[in-house]
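Engineer: Sequence first, predicted model second:
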Amino acid sequence: MSITKLHFQISWNVMEQVMLRLGSGIPNLQNEILTLRDKSIDPAKEKEYQKIIKEWEETDMIIQKHIDEINSKLEKTGEDIDKVKQDLENTNQKSTDVCNTVAFHEKKIETIENKQIEETTRIDQLDDESLQQRTQLSVMESRQKKLEQDMKDTSITLTTMAKSKLHPRLQNLATITELYTEDQDRDNVYVETTAHKNAKEILLKTGCIILIGPPGEGKTTMAAKLLSETSQKGSCLKLTLPTDWDNIDINKGMFDTIFIDDIFGAGTLDENLLNGWSLRCKDMEKALKARMIRLIITSRHYIYFKAKMKVQKCTIFKLENIQPLASFNLTSSERSAIITKHVDNADKVLSTKEIEQCSQTYEKSFTFSRNQYKIPIALSGYLSQKGQIKAMIGFPEIVSLFCHNETLFNLRSYFFSKPNLFFKKCLGEPIWTKNSFLF
């Protein structure tokens, strides 16, 4: 059993006093007692004990170090435990929030499902109502169709009766016009170009359209297409002579569109036609202004320019009524579409690549010089572009010849490099006069 230093000192002081009283008179007793206190009784044992004590102290230090490490780890573990507890609390809170959100959405879904059931029921009701309405509409449409057919039959009957009272020449012209506007081959190859859309817009806006351009540009074809698009069957009339106008009673409304093809002559200027139509311009203007008729007129450009001075006062021939047709205004896609339709209508075969090659070849080489053909100067203003004169045969006519001539068709894109030379071979040399030309 070990004692503390303080306890030893107290006990020693007691023993020292006892020994001094008992040994009173013994010399040097005090010094002996001090020596006994301070010196070792057994030095060897003391040394051994000191060694053991040192080892214990070292062991205590090691143990204390381990205890400090354990305490540090315990402290860190406590912090980790606190963090885990906090995370668990946060997780529990999030779980609670998620549960609340899920419950909210479940309730919302339930509400939506109830609404969907209500809407489905309403849709079923609407379907039933729609079916009833469609049935009623079908009945009404059938009645309307029958009424329209009756009106059409009546109109045809009245028109037939009225036409039977027409001047014999007008009866003949009306019959020819109906056959003319029902040309299926023309519709099979026709392409609605930008020029067509512009011409139709002018016709519907002003009631009059004048198509001018070189031969082969499709003026007559476009006019016929406009007739079929803007007038009812049997209500248009194609006139050929100025005197034909005198036989029409505009007030009866029998015809809503008048078509005059090559109004001033087919190949050269016809003075009789020019004078005849000039005399009737005022009557035509009045009918046009009153919206009693529409007018569709065609003319080759060079003939129109020659006749222009004589009819310039007639508002029918004002600039806003004119739509020029020229192949150099066709877009690449329009040229390709024209080739494609003509090829299909002729039961021929060309690949898409070959069609594009034909169009591109024409674009590059369809011009020719003024000196080569000695084109009259009067044409240069209309046809010149960047110092060159454009081909005098329209692209639609070139394509038509290409598709209906096996020899030319076999040339493929090469034909489009010199189409006018092939025209010369097929049709002979052009006929040129001082003021006009013909192909």
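Structural biologist: Nice, I can see it.
Engineer: Now Lys238: phi and psi?
Structural biologist: The phi and psi values for Lys238, taken as degrees, to the nearest 10, are phi -100, psi 110.
Engineer: what does stretch 349-362 contact?
Structural biologist: Outside of stretch 349-362, the residues within contact range by CB atoms under 8 Å, 6 or more residues apart in numbering are 332, 335-336, 339-340, 343, 395, 398, 402, 412-417, 419. From N, CA and C alone the C-beta is placed, and that goes for glycine too.
Engineer: what about the stretch 51-200 of the chain, any weak spots by pLDDT?
Structural biologist: Filtered on pLDDT under 70, the stretch 51-200 of the chain yields the residue ranges 150-166.
Engineer: ok, which stretches of it are helices?
Structural biologist: With DSSP state H, counting those that start in this stretch as the criterion, the stretch 51-200 of the chain has helices at 168-181, 184-189, 194-206.
Engineer: export those helices to JSON lines and tack on mean neighbour count?
Structural biologist: Converted to JSON lines, the helices of the stretch 51-200 of the chain look like this (neighbours: other CB atoms under 10 Å):
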{"stretch": "helix 168-181", "mean neighbour count": "16"}
{"stretch": "helix 184-189", "mean neighbour count": "14"}
{"stretch": "helix 194-206", "mean neighbour count": "16"}
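Engineer: before we move on, the earlier item: quick one: which of the contacts of stretch 349-362 is nearest Asn31?
Structural biologist: Nearest to Asn31 among the contacts of stretch 349-362 is Ser332, at 137.7 Å by CB to CB.
Engineer: can you tell me which helix or strand the residue nearest to the closest one when sequence neighbours are not counted belongs to?
Structural biologist: Spatial nearest neighbour of Ser332, chain neighbours left out: Ser359 (5.8 Å); criterion: CB to CB, 6 or more residues apart in numbering. Assessed by DSSP states H and E, Ser359 sits inside helix 352-365.
Engineer: In that helix, which residues are buried?
Structural biologist: For helix 352-365, the neighbour count (16 or more other CB atoms under 10 Å) marks 355-359, 361-362 as buried.
Engineer: was I right about Gln30 contacting Gln17?
Structural biologist: No - with contact defined as CB atoms under 8 Å, Gln30 does not reach Gln17; the gap is 11.3 Å.
Engineer: measure Ile338 to His404 for me?
Structural biologist: From Ile338 across to His404, the span is 14 Å (CB to CB, to the nearest Å).
Engineer: So for those two, which residue has more residues nearby?
Structural biologist: Neighbours were counted for Ile338 and for His404 using other CB atoms under 10 Å; Ile338 has more, 24 against 13.
Engineer: ok, the closest residue to that one other than its chain neighbours to Glu354 distance?
Structural biologist: Counting by CB to CB, 6+ apart, the nearest residue to Ile338 once its immediate chain neighbours are dropped is Val191, at 5.0 Å. Taking CB to CB as the measure, Val191 falls 18 Å from Glu354.
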